[in-house]
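S.K.: Sequence and predicted structure are below.
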Amino acid sequence: MNKITFSIPILLSMLFIAACSSSSDLEQDNKQRPDWIDHAQTTYPSNVYLTAVGQASSRTLAGKNAVANLVEIFSVNVKAETHTLTEAIKNESALGVTMESSSSLQRNIATETNQAIAGVEIKQTWLSPSGEYYALAVLHKISAAQNLTEVIMEADQEALKLIEYSRNTAPNSILAVNALRNARDLQVSRKMADLQLAYIRGRGIPIEVSSQDIEQLIRNSLASLEVSIADDSETDSSLLQAGLSTLGVKVVDTSSLQLSSSIDVTKPTRLEQWYWLRGSYELSFSENGKVISRKRWPIKVSSQQPELLELRLRDKLNEHINTYLQQLLSDSPTL
């Protein structure tokens with residue numbers, strides 16, 4: 001399932017355009033304050049609708065603010081779950097978490113909200129005697145629930161396809177692990193949609209394979225790997241071995257799956273009182289002599305003593321080797 005994550009301003013603009021295009025756009029010019037501003041539930045019962053009011057100096061902006069307020073009402077109910085979910089994923093993840101940060105999960109909340117409130121309408125607007133505009137955004141809960149259900153079902157189906165691909169048809173071990181990582185991330189996103197659905201209708205949809213289940217599949221897959229370290233690697237083999245062991249990968253003397261490393265650095269340069277060493281670090285996996293994944297990272301270290309640059313470089317690799325290996329194993333291969 002390919003998703004497009006919009007920034008919040010773009011998201012709100014799109015939702016507002018959709019709301020205006022499908023609304024009745026009823027503007028009230030009477031001077032008396034309409035009841036819907038303070039008691040929208042009288043006309044649109046809360047057991048059937050979600051409502052929000054926006055106000056601004058223009059009718060258009062008032063409508064946008066109403067939609068924004070509806071988004072906030074809708075999403076705030078799952079934000080409390082974000083921190084707990086983030087920490088759970090961090091604790092359970094074997095492969096570095098592409099969705100581990102709160103900001104990433106918040107983006108997923110925004111994406112699922114976009115799906116859920118596609119049917120929002122601006123039902124009423126009012127111009128007050130003081131020149132302030134008010135607008136009422138209304139969303140039918142059944143419509144939102146249907147949209148979220150489609151998102152959840154699509155995520156579940158795609159996750160199962162990825163698991164099946166990983167088990168049976170992936171051409172190599174890297175693509176197999178990468179498919180599981182993608183399936184896990186889908187189910188984390190699915191969790192956001194399910195939380196919103198539970199808020200809308202009081203219950204979510206039972207999940208067949210959760211992100212925790214897929215995390216265990218990833219661990220099992222990593223534990224089944226046997227990797228040897230190439231003799232021509234330009235990194236201390238103990239460093240690579242330690243990184244692989246952290247991921248649960250078994251290191252052996254000889255294997256069809258082989259890890260190699262290389263370092264490409266320029267001559268040290270001096271800038272004011274500092275010496276700088278710049279270059280790149282590359283890791284690659286080969287299976288039966290064919291490279292199946294290769295990644296390169298920029299590296300930069302500095303010291304006021306040139307003889308310490310090599311030591312700083314080693315410290316840099318020690319600090320980041322786990323992340324490098326996680327990306328090499330789980331990201332889409334770069335050849």
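M.R.: It's in.
S.K.: Look up phi and psi at residue 296.
M.R.: Main-chain torsions, residue 296, degrees, to the nearest 10: phi -130, psi 140.
S.K.: Read off the pLDDT value for it.
M.R.: On the pLDDT scale, residue 296 is placed at 94.
S.K.: Dig out what it forms beta bridges with.
M.R.: Note on residue 296: beta-bridge partners by DSSP bridges are residue 282.
S.K.: quick one, what contacts it?
M.R.: 280-282, 334 (CB atoms under 8 Å, 6 or more residues apart in numbering). For every residue, glycine as well, the C-beta is placed using N, CA and C.
S.K.: Mark which of these are buried, thanks.
M.R.: 281-282 (16 or more other CB atoms under 10 Å).
S.K.: could you pull out the helices for the protein?
M.R.: Under the criterion DSSP state H, the chain carries helices at the ranges 8-22, 36-39, 59-92, 102-116, 141-164, 173-201, 211-224, 237-246, 309-330.
S.K.: count of neighbours near residue 196?
M.R.: 27 (other CB atoms under 10 Å).
S.K.: so where's the stretch 1-150 of the chain uncertain?
M.R.: Low-confidence segments of the stretch 1-150 of the chain (pLDDT under 70): 1-30, 74-94, 96-113, 115.
S.K.: before we move on, the earlier item: residue 290 is nearest to which of the helices of the chain?
M.R.: helix 173-201 (11.3 Å; CB to CB).
S.K.: angle of that closest one against helix 141-164?
M.R.: Per axes from the mean of the first three to the mean of the last three CA atoms, to 10 degrees, the angle that helix 173-201 makes with helix 141-164 is 160 degrees.
S.K.: what would the helices of the chain look like in TSV with distance to residue 292?
M.R.: Converted to TSV, these look like this (distance: least, CB to CB, whole Å):
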stretch	distance to residue 292
helix 8-22	38
helix 36-39	61
helix 59-92	27
helix 102-116	27
helix 141-164	18
helix 173-201	5
helix 211-224	15
helix 237-246	16
helix 309-330	10
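S.K.: Which of these sits closest to residue 126?
M.R.: helix 36-39 (7.1 Å).
S.K.: how far out from the middle of the chain is the closest one?
M.R.: Chain-centre distance of helix 36-39: 37 Å, with CA atoms, centre = their mean, to the nearest Å.
S.K.: What is that helix packed up against?
M.R.: strand 121-127, strand 133-140 (3 or more CB pairs under 8 Å, 6 or more residues apart in numbering; DSSP states H and E).
S.K.: From residue 143, how far out is residue 327?
M.R.: The gap separating residue 327 from residue 143 is 40 Å, by CB to CB, to the nearest Å.
S.K.: Quick one: neighbours of residue 333, just the number.
M.R.: As a burial measure, residue 333 scores 17 neighbours (other CB under 10 Å).
S.K.: Quickly list the domain ranges of the chain.
M.R.: Residue ranges for the domains of the chain, per automatic domain parsing: 8-141, 147-222, 225-330.
S.K.: quick revisit: tell me which of the helices and strands packed on helix 36-39 sits most buried.
M.R.: Of the helices and strands packed on helix 36-39, the one with the most neighbours on average (mean count of other CB atoms under 10 Å) is strand 133-140, at a mean of 25.
S.K.: what angle sits between that strand and strand 121-127?
M.R.: 160 degrees.
S.K.: can I assume residue 177 is in contact with residue 221?
M.R.: Yes: applying CB atoms under 8 Å, one finds residue 177 in contact with residue 221, separated by 5.5 Å.
S.K.: Name the residues contacting each of the two.
M.R.: What both residue 177 and residue 221 touch, as defined by CB under 8 Å, 6+ apart, is the set residue 166.
S.K.: picking up where we left off before, please identify the most buried of the helices of the chain.
M.R.: helix 173-201 (a mean of 23).
S.K.: From the contacts of residue 296, pick the one nearest residue 212.
M.R.: Closest to residue 212, out of all of the contacts of residue 296 and judged by CB to CB, is residue 334, at 28.8 Å.
S.K.: No more questions from me, cheers.
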